[in-house]
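1. when you get a sec, could you give me coordinates for this:
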Amino acid sequence: MFQKNKKILILFFIIVAVAVSALLWKGEEKKKIPEKDVVVIYTNDIHTYIKNRDTSDEKKAKALSYSAISALKEDIASQGKEVILVDAGDHIQGTAYGDMDKGATIIQMMNETGYDIATIGNHEFDYGIARILELVNKAEFTYLSCNFYKTDDAKLVLPAYKIVEKGGVKIAFVGISTPESITKSTPTFFMDKDGNLIYNFYSAEDGSDLYASVQKAIDEAKPQADYVIALGHLGVDISSVPYTSREVIQHTHGFDAFIDGHSHTLIEHEYVQDLNGKDVLLTQTGAYFKGVGVMTIAQDGTISTEVLHEYGRQNEFVTETEQGWIKTIDEKLGEKIAVFDTKMFVMDPKNPAQRIVRCQETNLGDLTADSFYYFFNEKLKLDCDIAFSNGGGIRNGINQGDVSYFSAKTVFPFGNQLCVVEATGQQILDALEKGAMFAGIYDETKHVPAESGGFLHVAGMKYEIDSTIESTVQMDGNGIWLGAPTGKYKVGNVQVYNRETAEYEPLDLEKHYRLAGANYILKNLGDGMAMFKGIVPILDFVGEDYIILADYFKSFKKGKDKFPHISTKNSPLKAYKNYLLDYENPFGSGRIEINK
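-> Model prediction:
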């Protein structure tokens, strides 16, 4: 009897094991493999560059661009493969080529290039909610976001996902927008006149609402699809925690791959485990057309990625649009936008051979720093305390008379992006000290004052330099800051303008200040400013420096000719009581005093 029951029990377990195996096998069978390779071409954070401008001269013919992406799509299709083209956000803002018509031509170029899907990035909101919704309607591709919603009815503004059928398989793309969009665009754009949010993003301080909205989209899409791919604008920066792509993967299940953006990071391929322990392929191409991603879903079902940095062919039709738009903008950049009532100096007015903008205060140094300070305070309302403008980035002066966008571009030819960070008073003091290393020193070999590209012009601040003190700043062999001076600081009596009291107050070394400037200095260790290493911007990539400078030109009071006239009395910062302003003085308003 016992033996008989034992046999029945064994038979029962065998039947259960076979049934479970069958179910598992059936689940695996459900994920079809393509009849032919399916290739997903992906871009992110192009920021209206049209073409990669940072490539070397010998490689310009192969520089990535919309026309090159279009050709790449055509060439892959000609190999008998199926192709999908997607973008992970931040494509309509960043340079004059997007700013001049608020993204319309960028959308036209994306249409001509053949984009199929895009997710909405934080800088898509920089022209206002109404404008991006208008551009969404002009796009011949589909915008996605599973967590961007309207607060009055909690309904999503855009579709959460889209399913594309290629090569005999169905691929679901889930769009995800960073909850940082409100603070990393312009907060008031999302609000009514009383400051109440009209539009919002599923987020929660611990990220739970974001994860839930993503999981909901996956759960809805997965029964209809063979593969589920995230198209996110989240990034991997520590400042974006808990909303990074890695954390979304770790707190959800069901993705096969994740195409990312936002942090401008080059990730050719990285595997991150999801909530169920499955490896999910994460990738991102960097920014500014420095890379384009190629994801292949092969006929064996495997997914692989690579990032290309150049391509040798262009689509002539798209090239024609690109060149036409560049010509149009270049002409617009030449149009008169303001009048300078005084001359702005890079060189010494008494000795035109001396480039004093790199060793002492000038009126142009003040003007450029003021443009950043004004933009973050009055346009973005971010309560900026201080702005830096490094002398090495200021390349040309401005003559008295008519000026254009091109005039601003000659001042700032490099097109550095601006950001705002929170820095301690000690970091700010150290940056001033690094910039003032050679102040007051005479270069006997060149018979001019010694220069430093890192010499810092300031807004919202004033400071003194004692040129009799020898710099003992600690640096490595490449001039990168290693530590504070071993002796006395050359820089002293540093004071910060308080907009509430209208007084200059001593710099507090322990306090955190909001500091604006080029990400070259504040993020990328430009001029060796490693005291800011690891600092994470509150807001980054808000626009190129010359556009912000031109915007400041346009903010001055208009004259009888109906054009803004640049002078001290017409500056919008004149409303700041006791703020140091003197654009008529070639040597500035006394923000930087060099004691000899």
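2. how close does residue 564 sit to residue 400?
-> 14 Å (C-beta to C-beta, to the nearest Å). Heads up, the C-betas are built off the backbone N, CA and C, glycines and all.
3. no wait, residue 97
-> Here residue 97 is placed at a distance of 29 Å from residue 400 (C-beta to C-beta).
4. pick out whichever of the two has more residues nearby.
-> The neighbour comparison of residue 97 against residue 400 (other C-beta atoms under 10 Å) goes to residue 97, with 24 against 12.
5. the more buried one and residue 330, how far apart?
-> 10 Å.
6. one more: residue 139?
-> Note on residue 139: its distance to residue 330, by C-beta to C-beta, is 26 Å.
7. my read is residue 269 is in a strand, agree?
-> Yes - counting by DSSP: H, G, I helix; E, B strand; the rest coil, residue 269 falls inside a strand.
8. any idea how far residue 412 is from residue 292?
-> Look at residue 412 and residue 292: by C-beta to C-beta, they are 28 Å apart.
9. please apply the same query to residue 196.
-> Residue 196 is 41 Å from residue 292, by C-beta to C-beta.
10. between these two, point out the one with more neighbours.
-> When residue 196 and residue 292 are compared for neighbours, residue 292 comes out ahead with 25 against 9, by other C-beta under 10 Å.
11. partners of the more buried one in the sheet?
-> Counting by DSSP bridges, residue 292 is bridged to residue 308.
12. can you pull out the helices in the chain?
-> Using DSSP state H, the helices of the chain run over 2-30, 66-78, 96-99, 104-113, 129-138, 208-221, 245-250, 316-333, 363-374, 405-411, 425-435, 519-522, 545-554.
13. next up, the contacts around the residue nearest to residue 495 when sequence neighbours are not counted.
-> Nearest residue to residue 495 in three dimensions, chain neighbours excluded: residue 504, at 3.9 Å (C-beta to C-beta, 6 or more residues apart in numbering). By C-beta atoms under 8 Å, 6 or more residues apart in numbering, residue 504 lies in contact with 462, 495-498, 578.
14. likewise for residue 378?
-> Residue 378 touches 555, 572, counting by C-beta under 8 Å, 6+ apart.
15. please parse this structure into its domains.
-> Domain segmentation of the chain under automatic domain parsing yields 35-328, 336-595.
16. any chance of those in CSV, plus mean pLDDT?
-> Shown next, in CSV, are those (pLDDT from 0 to 100):
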stretch, mean pLDDT
domain 35-328, 94
domain 336-595, 93
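17. state the distance from the closest residue to residue 291 other than its chain neighbours to residue 477.
-> The shortest distance from residue 291 to any non-neighbouring residue, by C-beta to C-beta, 6+ apart, is to residue 285 (3.9 Å). Per C-beta to C-beta, residue 285 is found 33 Å from residue 477.
18. more neighbours: which of the two?
-> Legend: neighbour count by other C-beta under 10 Å for residue 285 and residue 477, higher for residue 285 (30 against 5).
19. residues in contact with the more buried one?
-> Shown in contact with residue 285 (C-beta under 8 Å, 6+ apart): 42-45, 266, 291-293, 307.
20. one more: residue 208?
-> Contact analysis of residue 208 by C-beta under 8 Å, 6+ apart lists residue 251.
21. likewise for residue 287?
-> If you count contacts by C-beta under 8 Å, 6+ apart, residue 287 has them with 44-47, 264.
22. and which of those residues is nearest residue 177?
-> Distance to residue 177 across these (C-beta to C-beta) is lowest for residue 44, with 12.7 Å.
23. can you tell me the closest non-neighbouring residue to that closest one?
-> residue 261 (3.3 Å).
24. the one you found: neighbour count?
-> 32.
25. isn't it up against residue 232?
-> Yes - with contact defined as C-beta atoms under 8 Å, residue 261 reaches residue 232; the gap is 6.9 Å.
26. which residues do those two both contact?
-> Joint contacts of residue 261 and residue 232 (C-beta under 8 Å, 6+ apart) are 88, 119.
27. measure the closest residue to residue 80 other than its chain neighbours to residue 286 for me?
-> With sequence-adjacent residues excluded and distances taken as C-beta to C-beta, 6+ apart, residue 80 is closest to residue 36, at 6.2 Å. The gap separating residue 36 from residue 286 is 29 Å, by C-beta to C-beta.
28. between these two, point out the one with more neighbours.
-> Neighbour comparison, residue 36 and residue 286: the larger count goes to residue 286, with 22 against 16 (by other C-beta under 10 Å).
29. and the more buried one, its phi and psi?
-> Backbone torsions for residue 286, taken as degrees, to the nearest 10, come to phi 100, psi -120.
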